[in-house]
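[1] Pasting the sequence and the predicted coordinates here, then a few questions.
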Amino acid sequence: MTILEQFETREDARRAWRRVPSGLPMRCRRLARIETDVSVETVDVSPGGVRLRCGGLIPGDVVLCSVDGPAGTLSLKGLVVQTRPGPGGPPFAHVAWVDVPPEDRRALLDLNDAARGAGPQAGAGA
């Protein structure tokens, strides 16, 4: 089992919500005195946060993650709580959503479901 498989979509007692695999195209901007765009690949999402494959983020960074949807751009603020080395590529950044309303968390999961071709997630509200 690879390190990535260990953290995939299994139920985990440490987490408030289950992670859902994602390929959702997301833009990420590091919010600091000098703001910078960060190239990211979305690995998985949950109502509590997102795991990104990217370089240039460190724990403590505040980011603004944006995704386009039918109702416009959905932007969610998050805090990088952890980074881990990625096998054969950029590291993983674990981002916890900060001050995100429940309806925006729900909208993110609905957009992810649509991108994956899956139905809406039951019981994934905040």
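    Alright, I've got the coordinates. What you are looking at is a predicted structure, and each value in this text was computed from that prediction instead of being measured.
[2] helix or strand for the residue nearest the centre of the chain, which one?
    Nearest residue to the geometric centre of the chain (C-alpha atoms, centre = their mean): Val50, 1.8 Å. Using DSSP states H and E, the element containing Val50 is strand 49-54.
[3] what residues does that strand touch?
    If you take C-beta atoms under 8 Å, 6 or more residues apart in numbering as the criterion, strand 49-54 is touched by 7, 19, 22, 26, 28, 38-45, 65, 78, 81, 86, 89-97. Where you see a C-beta, it was placed from the backbone N, CA and C, and this is true even at glycine.
[4] and the longest helix for the chain?
    For the chain, the helix with the greatest residue count under DSSP state H is helix 102-116.
[5] Pull the CA coordinates from that one and hand them back as CSV.
    Output of helix 102-116 as CSV, limited to C-alpha atoms (Å, rounded to 0.1, in the frame of the first residue of the first chain):
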residue,chain,number,x,y,z
PRO,A,102,-22.1,25.5,5.4
GLU,A,103,-23.8,26.4,2.1
ASP,A,104,-20.4,27.0,0.5
ARG,A,105,-19.0,23.7,1.9
ARG,A,106,-22.1,22.0,0.4
ALA,A,107,-21.6,23.8,-3.0
LEU,A,108,-18.0,22.6,-3.1
LEU,A,109,-19.0,19.0,-2.7
ASP,A,110,-21.7,19.3,-5.2
LEU,A,111,-19.3,20.8,-7.8
ASN,A,112,-16.8,17.9,-7.0
ASP,A,113,-19.6,15.3,-7.5
ALA,A,114,-20.5,16.9,-10.8
ALA,A,115,-16.9,16.8,-11.9
ARG,A,116,-16.6,13.1,-10.9
